[in-house]
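Engineer: show me how the following folds:
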Amino acid sequence: MNTIVMISHDDSTNTCMCCSDITWDDISGPNWKSYVRRTSPCSNGYVGYDVMSFQICLKYFPVPVTYESARALCQADGANLNKIDSQEKFDAFKDYLVPIANNSPIQVWIESLKVNGQWQFHDGSPMPMVCQIEMNGYPTEVHVRAYVQDSTNMYYKDAPDSDTYHYACEYRP
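Structural biologist: Presented below is the predicted three-dimensional model:
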């Protein structure tokens, strides 16, 4: 994907084309719809991280809000709460937050929902345990926040809807 800068599709013939340049020489006709990869994929203060074969854009907001408010604010920004669904995304998120924390503890909402005792994402997929969750065990604690303690230690803590923490949004360009 790093060499492909344009993907085009012709609905009338069900033809697709991937191009490593954008000269448009191979595409003719009014039915082509083309999508050009942005050279700088992250916008509005977001920072890009390569994770496996794709890129994510992250942005930290040092504003204490409830979980549902954080989720709504991310969606209003065209993003979602950070969804840590792999070790690679956990590592990227930690690499992003540690310098921000600057050896002071910060707590940041991440996408999570506890349903029938199981941690999952909003789409119903299971939340992989790439990080230890420190749980208090109260039934109202149905969301997770990332807790950055210092330059080497980040772990999860459960929390109720009503608590307020900072948040981070992500999107894939």
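Engineer: just the CA atoms of the longest helix along the chain, as CSV, please.
Structural biologist: Longest helix in the chain by number of residues (criterion: DSSP state H): helix 87-101. Provided in CSV are the C-alpha atoms of helix 87-101 (Å, rounded to 0.1, in the frame of the first residue of the first chain):
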residue,chain,number,x,y,z
GLN,A,87,-0.3,-5.0,20.9
GLU,A,88,1.0,-2.8,18.1
LYS,A,89,-1.7,-0.2,18.8
PHE,A,90,-1.1,-0.4,22.5
ASP,A,91,2.6,0.3,21.9
ALA,A,92,1.8,3.2,19.6
PHE,A,93,-0.7,4.7,22.1
LYS,A,94,1.9,4.3,24.9
ASP,A,95,4.6,5.9,22.7
TYR,A,96,2.3,8.8,22.0
LEU,A,97,1.1,9.4,25.6
VAL,A,98,4.3,8.9,27.6
PRO,A,99,6.0,12.2,26.3
ILE,A,100,2.7,14.0,26.9
ALA,A,101,2.6,12.8,30.5
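Engineer: what lies in contact with it?
Structural biologist: With contacts defined as C-beta atoms under 8 Å, 6 or more residues apart in numbering, helix 87-101 is touched by 47, 49, 51-52, 56, 58, 60, 82-84, 106, 108, 110, 130-131, 146, 148, 150-152, 154, 168. Using the backbone N, CA and C atoms, a C-beta is placed for each residue, glycine as well.
Engineer: quick one: average pLDDT of the helix or strand that comes right after that helix?
Structural biologist: Using DSSP states H and E, the helix or strand that follows helix 87-101 towards the C-terminus is strand 106-110. Averaging pLDDT along strand 106-110 yields 96.
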